[in-house]
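*Asks:* pasting the sequence and the predicted coordinates here, then a few questions.
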Amino acid sequence: MTRKRGIRLFFAAAAALPAYTANLPEHRIANIFQPLATPAQSEYDIAMLVFAITGIIFLGVAGLIAYTIWRFRRPEGATEKQEPPQVYGSNQIEVAWTVLPILIVFVLIGVSARVIAAVENASPPQAALKVTIIGHQWWWEVLYPDYNIVSANEVHMPATRDGRHATYLQLQSADVIHSFWIPQLSGKTDLIPNRTNFMWMDPKEPGVYFGNCAEYCGTQHANMLLRVVAEDPAAFKQWTLGQQQRVVDDSRVSDGRQEFESLACINCHNISGLGKASAGSKFGPDLTHLASRQTLGSGVLKNTPENLRRWVNDPQVDKPGCLMPSMKLTPDELTKIVNYLETLK
């Protein structure tokens, strides 16, 4: 195989990746009662235990109340002044309703502590995928330190049925307290300024899992959405190869690139290959492979050419209060920049 043919095949595979991702099943309903990862399954099991114990208590108490109402009802023909026999104390009953709740509480505490310790203290294997998630107002920065990949609002990871491809997350915050929550994959974990928290997940089935910030963090907290894209290991490797490639400089949109570099866009967003002018820009998401992502604005809009134009023109329409202002671009400037961003695959 010649070098040119190999390059063509690689870019053909990279171009097909969004279509593969689009064919993954979407778990749109964040159903905590349908766990599809080990941590979520552990939490589901303990929740079912709590429901079972509290359900038995409820049935017992409700049954006793119903029996008491029936057993000590006023006899027919009795006057209002007649009362049933009054019982002012029972040592056996008082011991029972003191000891039994204490035992139940200790059982629940012990089981909960065991499950929490098993989930939180699990050590990552040497080959585990490591991802750093940084919460911003109001979007997610996603870093893959072992692959030198920077993305936003989508966490790609391999799906596994044998536990060999677990993903370990480092959770940090750039501003206020956020909370990372993918209900079908794991419980909530806070992202706290100046502190690093950890969690892990191992999706059992390929698919797109929906989550969100679970800690009120400001005006657009409800629109700080998140997607986990769980893929077959081979497809995940293909995704990493595509993300590691520098963006191809398309001469057809060179005017758009120049517009992007000349306006304030470059002050907030990084695009690999634009040189020092863009390096280190951290106010907004990295846009290097923007066109390969499923959504815009942290899940507010689907990533389509029409929505991209709408978002760049005035993001305040769909996400009021977000930190990206309306740039008041002319129609010509807007067209050039949008055409350029659409090539960032």
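*Replies:* Here it is on my side, so go on.
*Asks:* where in the stretch 151-300 of the chain is pLDDT low?
*Replies:* The model of the stretch 151-300 of the chain has pLDDT under 70 over residues 162-163, 247-251, 273-282.
*Asks:* got the residue ranges for the strands in it?
*Replies:* Counting by DSSP state E, counting those that start in this stretch, one finds strands in the stretch 151-300 of the chain at the ranges 154-158, 167-173, 178-181, 189-191, 197-201, 207-213, 225-231, 295-296.
*Asks:* any chance of CSV for the ones you listed, columns distance to Ala96?
*Replies:* From N, CA and C alone the C-beta is placed, and that goes for glycine too. What follows is the strands of the stretch 151-300 of the chain, written out as CSV (distance: least, C-beta to C-beta, whole Å):
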stretch, distance to Ala96
strand 154-158, 50
strand 167-173, 45
strand 178-181, 40
strand 189-191, 39
strand 197-201, 41
strand 207-213, 44
strand 225-231, 47
strand 295-296, 56
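*Asks:* list the contacts of the closest residue to Glu205 other than its chain neighbours.
*Replies:* Once flanking residues are discounted, Glu205 sits nearest to Leu36: 5.6 Å by C-beta to C-beta, 6 or more residues apart in numbering. By C-beta atoms under 8 Å, 6 or more residues apart in numbering, Leu36 lies in contact with 27, 184-185, 203-205, 207, 209.
*Asks:* one step back: so which of the strands of the stretch 151-300 of the chain is nearest Asn339?
*Replies:* Among those, the nearest to Asn339 by C-beta to C-beta is strand 295-296 (15.8 Å).
*Asks:* re the thing from before, nearest to Leu100, of the contacts of Leu36?
*Replies:* Gln184 (34.9 Å).
*Asks:* phi first, then psi, for that closest one.
*Replies:* Phi and psi for Gln184, reported as degrees, to the nearest 10, are phi -80, psi -10.
*Asks:* how near is it to Leu59?
*Replies:* Gln184 is 30 Å from Leu59, where distance means C-beta to C-beta, to the nearest Å.
*Asks:* just Val317 next, same as before
*Replies:* Taken as C-beta to C-beta, the span from Val317 to Leu59 is 52 Å.
*Asks:* for Ala230, same thing?
*Replies:* According to C-beta to C-beta, Ala230 stands 39 Å off from Leu59.
*Asks:* then Asp190?
*Replies:* Remark: distance between Asp190 and Leu59 (C-beta to C-beta) = 36 Å.
*Asks:* so the two - more neighbours on which side?
*Replies:* Per other C-beta atoms under 10 Å, whichever of Asp190 and Leu59 has more neighbours is Asp190, with 16 against 10.
*Asks:* which outside residues touch the helix or strand where Leu143 lies?
*Replies:* Assigned by DSSP states H and E, Leu143 belongs to strand 139-144. With C-beta under 8 Å, 6+ apart as the test, strand 139-144 has contacts from 129-135, 149-155, 174, 224, 226, 240, 243, 284-286, 297-298.
*Asks:* and these, which are buried?
*Replies:* 129, 131-135, 149-155, 224, 226, 240, 243, 284-286, 297-298 (16 or more other C-beta atoms under 10 Å).
*Asks:* return the subset of those lying in helices.
*Replies:* Per DSSP state H, helices hold the following members of the buried ones among the contacts of strand 139-144: 240, 243.
*Asks:* I figured Gln34 hits Gln184, correct?
*Replies:* Yes: using C-beta atoms under 8 Å, Gln34 is in contact with Gln184, at 6.1 Å.
*Asks:* more crowded one of the two?
*Replies:* Neighbour comparison, Gln34 and Gln184: the larger count goes to Gln184, with 26 against 12 (by other C-beta under 10 Å).
*Asks:* name the nearest residue to that one, ignoring sequence neighbours.
*Replies:* Leu36 (4.9 Å).
*Asks:* any idea how far Ser186 is from that neighbour?
*Replies:* Per C-beta to C-beta, Leu36 is found 10 Å from Ser186.
*Asks:* how about Ala47?
*Replies:* Counting by C-beta to C-beta, the gap from Ala47 to Ser186 is 13 Å.
*Asks:* neighbour-wise, which of these two wins?
*Replies:* Neighbour count, other C-beta under 10 Å: between Ala47 and Ser186, Ser186 has more, with 27 against 14.
*Asks:* how close does that one get to Val99?
*Replies:* 36 Å.
*Asks:* same question, Leu64
*Replies:* The gap separating Leu64 from Val99 is 17 Å, by C-beta to C-beta.
*Asks:* and Phe180, by the same measure?
*Replies:* With the distance defined as C-beta to C-beta, Phe180 ends up 40 Å from Val99.
*Asks:* these two: who's more crowded?
*Replies:* It is Phe180, of Phe180 and Val99, that has more neighbours when counted by other C-beta under 10 Å, with 24 against 10.
*Asks:* residues contacting that one?
*Replies:* With C-beta under 8 Å, 6+ apart, Phe180 has these contacts: 133, 135, 169, 171, 188-191, 199, 211, 213-214, 226.
*Asks:* which among the contacts of Leu36 end up buried?
*Replies:* Buried among these (16+ other C-beta under 10 Å): 27, 184-185, 203-204, 207, 209.
*Asks:* so which elements touch the longest helix along the chain?
*Replies:* Secondary structure of the chain per DSSP H: the longest helix is helix 38-71. The contact analysis (3 or more C-beta pairs under 8 Å, 6 or more residues apart in numbering; DSSP states H and E) places helix 38-71 against helix 91-120, strand 197-201.
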